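Asker: Take a look and give me a structure for this.
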Amino acid sequence: MVKKDNGYYNKLMNHLTSIQMCTLITTGRTGSDFFQSLCDSHPQIITFNGILWLHDFWKESVCTKDNEIIISDLLTEFVGKNIEKFKSKYDTFERKDRLGENSDQNIDIDISLFKKHVCHLLNGREINSKNFLLAVYGAYSLSLNQDIENKKIILHHIHHAEKLQSFLSDFPKSKIICMTRDPRANFVSGVMHWRKYNEKFDHAPHLYFYIKRIIADAYSIMHYGNDYMVVKVEDLGEKCILESFCNWLHIEYNDSLNYSTWGGLTWLGDSCSAKKNDGVGWSAKMLDNSWEDKLKFNDKYILNFLMNSRLKHYGYKYNKISFIDYLFVFLFIPIPLTFERRFFTIKYITNSIKNNLYKKILVNLMFYPKRIIYFYSVYFNVLSGFSFNSRYLKCKND
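Answerer: Okay, here's the model as predicted:
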């Protein structure tokens with residue numbers, strides 16, 4: 001019986017090693033979690049329960065630093081640090097404690113069984129970050145009673161572009177999916193929703209980091225040279241876009257791509273989402289954040305100029321640039337953006353002083369000029385004739 005088990009798991013691990021790896025990153029509030037949830041129930045895709053920073057875990061693990069890695073200890077450490085991935089009742093931020101159409105279900109992986117699967121998959125193989133990642137995905141899929149031999153893609157959600165380097169050192173031929181969104185809606189969603197969820201994000205460094213990530217978009221991954229594809233979250237309601245996605249990955253289209261699930265259970269969105277998804281898949285209502293009303297004229301004018309080439313490229317609404325705009329934008333850039341103004345209000349500064357957050361006031365003063373300098377660098381890039389260009393999913397006949 002043991003020999004049969006070992007042969008069975010060895011066959012599965014060989015298959016896991018051979019299939020295409022694909023990683024997923026975001027460029028802000030662009031629907032990367034949602035897109036992964038659409039792939040969750042596809043019969044040819046293996047994925048995990050949300051973001052998994054396995055290479056970070058591997059570097060920080062106390063077990064991997066030992067001369068001899070004891071797999072049972074390593075698994076105990078891994079599960080302990082990611083318990084909400086296996087028992088989603090603990091994942092209140094992503095609302096995975098309320099899965100199912102009636103919001104009364106959650107993922108409940110048999111951890112003993114999961115560990116058993118990992119141990120069998122790694123039996124006779126070197127214990128390294130690459131094999132451990134493959135075994136974790138394989139074991140998670142087996143714990144959900146999925147048919148691994150039918151899988152053709154492993155979708156690994158790494159979320160941040162800066163985490164790609166360590167991942168690609170193990171999987172250099174991985175494809176990369178980069179999520180995007182109308183940058184103005186992205187900006188409003190990222191600043192307002194994070195600020196509402198937790199006040200610790202209510203400062204200039206977060207705004208600076210966020211707007212830089214939005215402007216960088218797919219250029220944050222192009223230098224790796226991997227096969228990549230940008231996916232516009234606004235397009236995910238179109239069947240032809242999902243078909244193009246399947247064609248790019250060389251898998252079959254499946255209707256499960258129209259349903260947002262984790263572990264096969266319906267998901268209605270995370271805690272940062274201002275609106276609850278009343279359906280089970282893509283919803284235009286979920287993306288509508290009225291950015292046109294929430295951004296002042298100055299913001300919209302500057303962002304239209306700085307990202308005009310990008311807006312045209314992706315087919316977003318934009319205004320043509322005239323000669324006079326080059327002068328006015330240059331003059332307007334130092335004016336505080338809509339979301340920057342509050343950092344200099346008496347109320348904000350008084351509240352910060354009352355809570356002994358003097359450092360917060362100081363860093364706001366430091367990052368405001370950094371944002372101005374960054375915008376000028378983008379401005380001169382536009383002046384030099386920069387034209388945005390990236391591959392993104394289109395319908396077959398587009």
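Asker: so who does the nearest residue to residue 101 once chain neighbours are set aside touch?
Answerer: With sequence-adjacent residues excluded and distances taken as Cβ to Cβ, 6 or more residues apart in numbering, residue 101 is closest to residue 266, at 5.0 Å. (C-beta placed from N, C-alpha, C; glycine too.) Contacts of residue 266 were listed using Cβ atoms under 8 Å, 6 or more residues apart in numbering, and they are 99-101, 259-260, 280.
Asker: and what of residue 237?
Answerer: If a contact means Cβ under 8 Å, 6+ apart, then residue 237 has 281-284 as its contacts.
Asker: Are any of those residues buried, and if so which?
Answerer: With burial judged by 16 or more other Cβ atoms under 10 Å, the buried subset of those is 281-283.
Asker: for the residues you listed, which one is nearest residue 321?
Answerer: residue 282 (32.2 Å; Cβ to Cβ).
Asker: Mind checking what secondary structure that closest one has?
Answerer: coil (DSSP: H, G, I helix; E, B strand; the rest coil).
Asker: returning to that earlier point: beta partners of the residue nearest to residue 101?
Answerer: In this entry, residue 266 is beta-bridged to residue 261, by DSSP bridges.
Asker: From residue 211, how far off is it?
Answerer: 34 Å (Cβ to Cβ, to the nearest Å).
Asker: Could you pull out the strands in the stretch 151-300 of the chain for me?
Answerer: Counting by DSSP state E, counting those that start in this stretch, the stretch 151-300 of the chain has strands at residues 153-159, 175-180, 228-232, 261-262, 265-266.
Asker: Tell me which of these is the most buried.
Answerer: Comparing the strands of the stretch 151-300 of the chain by mean neighbour count (mean count of other Cβ atoms under 10 Å), strand 175-180 ranks first with a mean of 24.
Asker: any idea of the angle it forms with strand 228-232?
Answerer: Orientation note: strand 175-180 sits at an angle of 30 degrees relative to strand 228-232 (axes from the mean of the first three to the mean of the last three Cα atoms, to 10 degrees).
Asker: Neighbouring strands - and their directions - for strand 175-180?
Answerer: Using DSSP bridges, the neighbouring strands of strand 175-180 in the sheet come out as strand 20-25 (parallel), strand 228-232 (parallel).
Asker: TSV for the ones you listed, including distance to residue 242 and mean pLDDT?
Answerer: Formatted as TSV, these follow (distance: least, Cβ to Cβ, whole Å; pLDDT from 0 to 100):
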stretch	distance to residue 242	mean pLDDT
strand 20-25	15	98
strand 228-232	10	98
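Asker: Among those, which comes closest to residue 162?
Answerer: Ranking these by their distance to residue 162 (criterion: Cβ to Cβ) puts strand 20-25 first, at 9.3 Å.
Asker: what's the offset of that closest one from the middle of its chain?
Answerer: When distances are taken as Cα atoms, centre = their mean, to the nearest Å, strand 20-25 is centred 11 Å away from the chain's centroid.
Asker: next helix or strand past that strand?
Answerer: Taking DSSP states H and E as the definition, the helix or strand that follows strand 20-25 towards the C-terminus is helix 32-39.
Asker: Give me the angle between that next one and strand 228-232.
Answerer: Taking the same axes, to 10 degrees, one finds helix 32-39 and strand 228-232 inclined to each other by 100 degrees.
Asker: Just the residues contacting whatever helix or strand comes next after helix 32-39, thanks.
Answerer: Beyond helix 32-39 in the direction of the C-terminus, DSSP H and E gives the next helix or strand as strand 45-47. Residues lying outside strand 45-47 but in contact with it, judged by Cβ under 8 Å, 6+ apart, are 16, 36, 39-40, 137-138, 140-141, 146, 148, 151-157, 251.
Asker: Note down every partner strand of strand 45-47 and its orientation.
Answerer: Here the strand partners of strand 45-47, with direction, are listed using DSSP bridges: strand 153-159 (parallel).
Asker: one step back: make JSON lines from the strands of the stretch 151-300 of the chain and add distance to residue 52 to it.
Answerer: As requested, these are exported to JSON lines (distance: least, Cβ to Cβ, whole Å):
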{"stretch": "strand 153-159", "distance to residue 52": "6"}
{"stretch": "strand 175-180", "distance to residue 52": "15"}
{"stretch": "strand 228-232", "distance to residue 52": "19"}
{"stretch": "strand 261-262", "distance to residue 52": "13"}
{"stretch": "strand 265-266", "distance to residue 52": "18"}
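Asker: Residue 62 is nearest to which of the ones you listed?
Answerer: Closest to residue 62 of the strands of the stretch 151-300 of the chain, according to Cβ to Cβ: strand 153-159, at 22.7 Å.
Asker: send the alpha carbons of the closest one over as CSV?
Answerer: C-alpha atoms of strand 153-159 as CSV (Å, rounded to 0.1, in the frame of the first residue of the first chain):
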residue,chain,number,x,y,z
ILE,A,153,-1.9,25.9,-14.8
ILE,A,154,-0.8,26.9,-11.3
LEU,A,155,-2.0,30.4,-10.5
HIS,A,156,0.2,31.9,-7.8
HIS,A,157,-1.0,35.3,-6.4
ILE,A,158,2.0,37.2,-5.4
HIS,A,159,0.3,40.6,-5.5
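Asker: average pLDDT for that strand?
Answerer: When pLDDT is averaged over strand 153-159, the result is 98.
Asker: do stretch 340-352 as well
Answerer: Stretch 340-352 comes out with an average pLDDT of 91.
Asker: Many thanks, we can stop here.
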